[in-house]
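>>> sharing a model prediction with you, sequence too.
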Amino acid sequence: MAGRNHLYVPGPTNVPDSVLSAMHGPMEDHRSPDFPKLLKPLLADLKKLFRTEVGQVFIFQATGTAGWEVALCNTLSPGDKVLSYRFGHFSHLWIQAAKRLGLDVEYYERPWGEGVPLDHLEARLRQDKDHKIKALLVCHNETSTGVTNDLKAIRQILDRTGHPALFMIDGVSSIGSLEFRMDEWGVDVALTGSQKGMMLPAGNAYVCFSPKALEKRHEAKLPRSFLNIEDQLRSNQDGYFPYTPSTPMLHGLRRALDLLLQEGLDNVAARHRRLAEGVRRAVLDGWGLKLCARDPKWYSDTVSAIVVPDGFDAREVIKVAYYRYNLSLGGGLSDVAGKVFRIGHLGDVNELMLASAIVGAEMAMRDVGINVQPGSGIAAAMEYWRATAPPLPAA
């Protein structure tokens, strides 16, 4: 098929040309005297990404899934109780990972399209007077349903109840795209992956520990080998890894961090918010469809999960979009398989890039018989983007 594939799954995301160029180089000696000049500034700038002054960041040659395990196995022991809520595919998988590691997982089902119920959480923490709950696991942004949780409000509940549980965050589809403030929000362990807001290929997990969480490694009894932060601590202090890293990924990370920090993290979050709102206007006002997220307070600025009308299969929309229009849309996962398709609007994106996702999705929906008005989605999106466009530079 002529032309390029239009990639609008919520990860992996589009990799900027300058990042790809930075990755394209000869292999190098990761034990050389010069290697710390690459690694030490990366670790320092990753702290800026997490918005932490006191946290310790680690780079693992793995995916965000391994980040879950890094968070758990370096802080907890077999049989420890952790609390979580299941409201999407990735919150489900983190719960499953904790179970497989031998933790006592207490979790509560929530409708897919909602997030952490704050009243229930506060009541449950107040009941736990003996502090048997050792950690609270929260997906900041549930990628499968397009739901974002209010981490600041959750930290306030932990503080209000005086509960000492570790506050652990999956930020795979939020960090680098949405507002995230590790120190200010009292997050103890946060993790993300390279393939979403970081604008890199999959293959790196970035995990940040607070001082409180870092100290837990001395008493944690869950088995760990490759994912042991103790090995990283010893090597990283001198600017090295305890094993062979992917040096092209590190050079790509250098360029990606430069792009994010040059734009400014507040500006990055504002850009995602504005672009996401344009997509939502297309879905709600233009097409007259519904989002999986059940209330505006849950709306995600990195991914929108669009519910197809009764009697239609979202997988057919995705298939037509891919084979007929060379457009990759995200599929519904687990409980929402066939019910939703997803448009990822995170990473290296702008208005005209997302316009192709909206137009392509609209054509695919019409092709499978979904009655949306031609041009309605892009009209709603573009009018919002035009009305909120930044001013032109001075002549």
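Great, that's in hand.
>>> pull the number of nearby residues for the spatially closest residue to residue 295 that is not a sequence neighbour.
Leaving out its chain neighbours, the residue that sits closest to residue 295 by CB to CB, 6 or more residues apart in numbering is residue 114, at 7.5 Å. C-beta coordinates here come from the backbone N, C-alpha and C atoms, glycine included. Applying other CB atoms under 10 Å, we find 20 residues neighbouring residue 114.
>>> equivalent analysis for the one 3 residues further on, please.
Neighbours of residue 117 under the rule other CB under 10 Å: 14.
>>> how about it, phi and psi?
Here is the backbone geometry of residue 117 (degrees, to the nearest 10): phi -80, psi 110.
>>> wait, isn't residue 356 in contact with residue 7?
No. The criterion here is CB atoms under 8 Å, and residue 356 misses it with residue 7 at 10.2 Å.
>>> now do the phi/psi pair for the residue nearest to residue 132 when sequence neighbours are not counted.
Distances taken as CB to CB, 6+ apart put residue 81 closest to residue 132, at 5.0 Å, once the chain neighbours are dropped. Per-residue torsions, residue 81: phi -90, psi 130 (degrees, to the nearest 10).
>>> cool, residue 85 as well?
Per degrees, to the nearest 10, the backbone of residue 85 is at phi -130, psi 140.
>>> ok, what's across the strand from residue 84?
residue 107, residue 137 (DSSP bridges).
>>> list the contacts of it.
Contacts for residue 84 (CB atoms under 8 Å, 6 or more residues apart in numbering) come out as 91, 94-95, 98, 105-108, 136-138.
>>> need these in a markdown table with neighbour count and pLDDT, can you?
As requested, these are arranged in a markdown table below (neighbours: other CB atoms under 10 Å; pLDDT from 0 to 100):
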| residue | neighbour count | pLDDT |
| --- | --- | --- |
| 91 | 27 | 98 |
| 94 | 27 | 98 |
| 95 | 20 | 98 |
| 98 | 25 | 98 |
| 105 | 20 | 98 |
| 106 | 14 | 98 |
| 107 | 18 | 98 |
| 108 | 14 | 98 |
| 136 | 24 | 98 |
| 137 | 26 | 98 |
| 138 | 24 | 98 |
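>>> wait, which of those is closest to residue 204?
Set against residue 204, the nearest of those by CB to CB is residue 94 (18.5 Å).
>>> now name the helix or strand holding the closest one.
Using DSSP states H and E, residue 94 sits in helix 89-100.
>>> out of residue 356 and residue 7, which sits in the more crowded spot?
The neighbour count for residue 356 versus residue 7, taken as other CB under 10 Å, is higher for residue 7 (19 against 15).
>>> Three-state assignment for the residue nearest to the more buried one when sequence neighbours are not counted, please.
Of all residues not flanking residue 7 in the chain, residue 328 sits nearest, at 5.0 Å (CB to CB, 6+ apart). Following DSSP: H, G, I helix; E, B strand; the rest coil, we place residue 328 in the strand state.
>>> so who does residue 328 touch?
5-9, 321-322.
>>> quick revisit: my guess is the residue nearest to residue 295 meets residue 294, correct?
Yes. Under the contact definition of CB under 8 Å, residue 114 touches residue 294, with a separation of 5.6 Å.
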